[in-house]
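Undergrad: coordinates only, no sequence provided:
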C-alpha cells in the first residue's frame, strides 16, 4: 500500500526567534555596555562559556579529549580561570591546559579558541569586562610560562640519619 505525500498538510516550520548561534557570538560594537546584560557570577559565566565551547564542534572535541569527557571538570576549570582572584598556584593541570589553548594560539585549536572566547565574553559581559577577563587569563598564562622557564630548585638533600646502632658504637 502506498501512502501519497501531501506537503500542504504538513505543519509549517517557523524560523527560530532571536539570533542564530553564529550571529550570537559575533562581536556587536553597536550594543551599549549595559544594555541587555545582567551581572553574572563567575559560575554563571563559566557555565555559559562551557556551553559555547560544547556547541563548537572542534573545541568540543579537544576539550572532551583533554578532560577525559568530564565536562563538569571543564566547567569547574573555567570557573577557576575566570575568577580574577585565582593565581597560578591555584590551577590544576586541566586548568593549565585550557589556559594554554585560550592564550597560546598554538595549533588549530588555539587559533580557533582565542577569538571565539573573546567574542563570547564581549557578547556576554560587554567589551570592558571582557578585556579585564582577557588580561587576567593572559596574566595566568604568563605566570605559567614563567614557572616553566624558571622551575623552582629541588629541596636540598638531607644527610642520612645515623642508625641507632651507630650511636651506641660512638658512645662506647
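TA: It's in. Keep in mind the model is a prediction, meaning the values are calculated, not measured.

Undergrad: which positions in the lengthiest helix in the chain come out as buried?
TA: In the chain, with assignment by DSSP state H, the single longest helix is helix 127-149. Residues of helix 127-149 classed as buried: 127, 129-130, 133-134, 136-137, 140-141, 144 (neighbour count, 16 or more other CB atoms under 10 Å). Every residue, glycine included, has its C-beta placed from N, CA and C.

Undergrad: for residue 156, see how far away residue 101 is.
TA: 37 Å (CB to CB, to the nearest Å).

Undergrad: with neighbour numbers in mind, choose between the two.
TA: Neighbour count, other CB atoms under 10 Å: between residue 101 and residue 156, residue 101 has more, with 22 against 6.

Undergrad: how far away is that one from residue 131?
TA: If you go by CB to CB, the gap between residue 101 and residue 131 works out to 19 Å.

Undergrad: ok, residue 154 next?
TA: Counting by CB to CB, the gap from residue 154 to residue 131 is 39 Å.

Undergrad: one more: residue 123?
TA: Residue 123 sits 13 Å away from residue 131, going by CB to CB.

Undergrad: and if you look at residue 119?
TA: Residue 119 sits 13 Å away from residue 131, taking CB to CB as the criterion.

Undergrad: just residue 145 next, same as before
TA: From residue 145 over to residue 131 (counting by CB to CB), the distance is 21 Å.

Undergrad: now the helix or strand containing residue 102: mean pLDDT?
TA: Here residue 102 sits within helix 93-103, counting by DSSP states H and E. Helix 93-103 carries an average pLDDT of 94.
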